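J.: pasted the sequence and its predicted model underneath.
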Amino acid sequence: MKTLHALAITAAILSPMTASAREYSFDVDAKLVVITFESRMEVEDILGTTHSVSGSARLDPQGGAFQLEVPVDSLRTGIEMRDQHLKSDAWLDASKFPVIRFEGKDARLEGETKLTVSGTFTMHGVSKPLSLTADVRRIPSEQGTKMGLAEGDWVRIRGEFVVRLSDFGIVIPAMVAAKVSDAWTVKVSLFGKATGK
Amino acid sequence: MRILLKVALVAAVVLAAATPVAAWVLDTVYAREVLIITPHDPRQVALNRQLWVEGDPVPDVYGVPTNEPVRVLFPDPARLIRPAEAATGMTLLAVDKQAGENPLQVRSVWFIAWRAAAGFALGALMALGLLVWNSRRR
């Protein structure tokens, strides 16, 4: 009886911690996830997007995880010919390196709305360490369903980071050097649905 | 030959002067400063509106914004958004890259215009040089 009582107390103490640790999937609704990438140069700003994002986030104040994966083929910049160039072997080489990946092994939830993730970003066959800070908002099931989302708890994650093409072995051809920046701002806007209970 | 060179000289001078003027007219009359956004799904916008609190970035309610505003030519009025949450006159332009949308930026027009004007000016100088050389030869 004493053991049961002790277990109940321990469970009560731990429950706020375990309740806030949840796993979310970004593979639920492609319309609710978008990643943009942006280059700013003298001639023009180039903006590209993709909705083909898969991955998950385990949000846990004790240390979670965060994974994202994007097929290079899904990147669009608004001009078909530019998209073809982007996928060609002179740039991202989609046939050899079909996926861009971020593997966040150390995802720390600070407070209720701040997520800091350190991990590895892989593009064009090169992996580099990368850190990002994201804004996190949890969306309870009632609020989500009212707005037309599928039943279940949701989370909204927004963050951004900068990627230098030269760090990933991509050399900008001299002909387009005035048009394409080496530094690209990448922004993620994700709605993830809680998996399990 | 002289007539041809004179025509070429006049045309090059006119074009060298007219190209930046045309770019200026396009910029002044037909361009608008906007913040381009990759639009969110309407469900997301509704939810973002609910989650938005004073101090949160406004453009993010409607889509993923670019870093800086940009002047674009002939923006589709139906794609312009004036957020109610913004105190100042912010204008967003929803651009769907997945649908192949790519509004023409004024920066690109000026970039081309200055280079074209320089090309015409160079052409004018060459025509003038040929005219002088031609008249001295006589």
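T.: That came through fine.
J.: any idea which residue sits dead centre in chain B?
T.: For chain B, the residue whose C-alpha lies nearest the mean C-alpha position (C-alpha atoms, centre = their mean) is B:Val106; its distance is 1.3 Å.
J.: by mean pLDDT, point me to the weakest helix or strand of the chain.
T.: Defaulting to chain A. Least confident helix or strand, chain A: helix A:2-20 with a mean of 46, by mean pLDDT, DSSP states H and E.
J.: that's the wrong chain, I meant chain B
T.: With mean pLDDT, DSSP H and E as the measure, the helix or strand of chain B carrying the lowest mean pLDDT is helix B:42-51 (a mean of 92).
J.: who's in contact with that helix?
T.: With C-beta atoms under 8 Å, 6 or more residues apart in numbering or on different chains as the test, helix B:42-51 has contacts from A:31-32, A:137, A:139, A:143-144, A:147-149, A:156, A:191, B:40, B:60-62, B:85. Where C-beta positions appear, they are placed from N, C-alpha and C, glycine not excepted.
J.: how much space separates A:Gly64 from A:Val126?
T.: 26 Å (C-beta to C-beta, to the nearest Å).
J.: identify the residue nearest the single nearest residue of chain A relative to chain B in space, chain neighbours excluded?
T.: For chain A, the nearest residue to chain B under the criterion C-beta to the nearest C-beta is A:Gly78, separated by 3.3 Å. Nearest in space to A:Gly78, with sequence neighbours left out and distances taken as C-beta to C-beta, 6 or more residues apart in numbering or on different chains, is B:Asn102 at 3.3 Å.
J.: same check on B:Pro83?
T.: Counting by C-beta to C-beta, 6+ apart, the residue nearest B:Pro83 is B:Val58, at 5.0 Å.
J.: isn't the residue nearest to the centre of chain B up against B:Pro69?
T.: No: under the criterion of C-beta atoms under 8 Å, B:Val106 makes no contact with B:Pro69, lying 11.3 Å away.
J.: near chain B, which residues of chain A are found?
T.: A:31-32, A:34, A:36, A:38, A:40, A:42-45, A:47-51, A:76-80, A:137, A:139, A:143-144, A:147-149, A:156, A:158, A:185, A:187, A:189, A:191 (C-beta under 8 Å from any C-beta of the partner chain).
J.: elements contacting the longest strand along chain A?
T.: For chain A, the strand with the greatest residue count under DSSP state E is strand A:126-139. Here strand A:126-139 touches strand A:99-110, strand A:114-123, strand A:154-164, helix B:42-51, going by 3 or more C-beta pairs under 8 Å, 6 or more residues apart in numbering or on different chains; DSSP states H and E.
J.: quick one: that strand to strand A:99-110, angle?
T.: Between strand A:126-139 and strand A:99-110, the angle comes out at 50 degrees (axes from the mean of the first three to the mean of the last three C-alpha atoms, to 10 degrees).
J.: name every strand pairing with strand A:126-139 and say which way it goes.
T.: The strands that strand A:126-139 pairs with in its sheet are strand A:114-123 (antiparallel), strand A:154-164 (antiparallel) (by DSSP bridges).
J.: tell me if the lengthiest helix in chain B is near chain A.
T.: The helix spanning the most residues in chain B, taking DSSP state H as the definition, is helix B:106-137. Yes: where contact is defined by C-beta under 8 Å from any C-beta, part of helix B:106-137 touches chain A, namely B:Arg107, B:Ser108, B:Phe111.
J.: please check these and keep the buried ones.
T.: By the neighbour-count criterion of 16 or more other C-beta atoms under 10 Å in any protein chain shown, the residues of helix B:106-137 next to chain A include these buried positions: B:Arg107, B:Ser108, B:Phe111.
J.: returning to that earlier point: tell me which of the strands paired with strand A:126-139 lies nearest to B:Ala23.
T.: Counting by C-beta to C-beta, B:Ala23 lies closest to strand A:154-164 out of those; the figure is 31.6 Å.
J.: beyond the closest one, next helix or strand please.
T.: Taking DSSP states H and E as the definition, the helix or strand that follows strand A:154-164 towards the C-terminus is strand A:183-194.
J.: contacts only, for the one residue in chain B that gets nearest to chain A.
T.: The minimum distance from chain B to chain A, using C-beta to the nearest C-beta, falls at B:Asn102 (3.3 Å). With contact set as C-beta under 8 Å, 6+ apart, B:Asn102 has these partners: A:Thr77, A:Gly78, A:Ile79, B:Val95.
J.: that one belongs to a strand?
T.: No: using DSSP: H, G, I helix; E, B strand; the rest coil, the assignment for B:Asn102 is coil, not a strand.
J.: nearest residue to B:Gln98 other than its sequence neighbours?
T.: Nearest-residue entry for B:Gln98: A:Arg76, 5.0 Å, with adjacent residues in sequence omitted and distances by C-beta to C-beta, 6+ apart.
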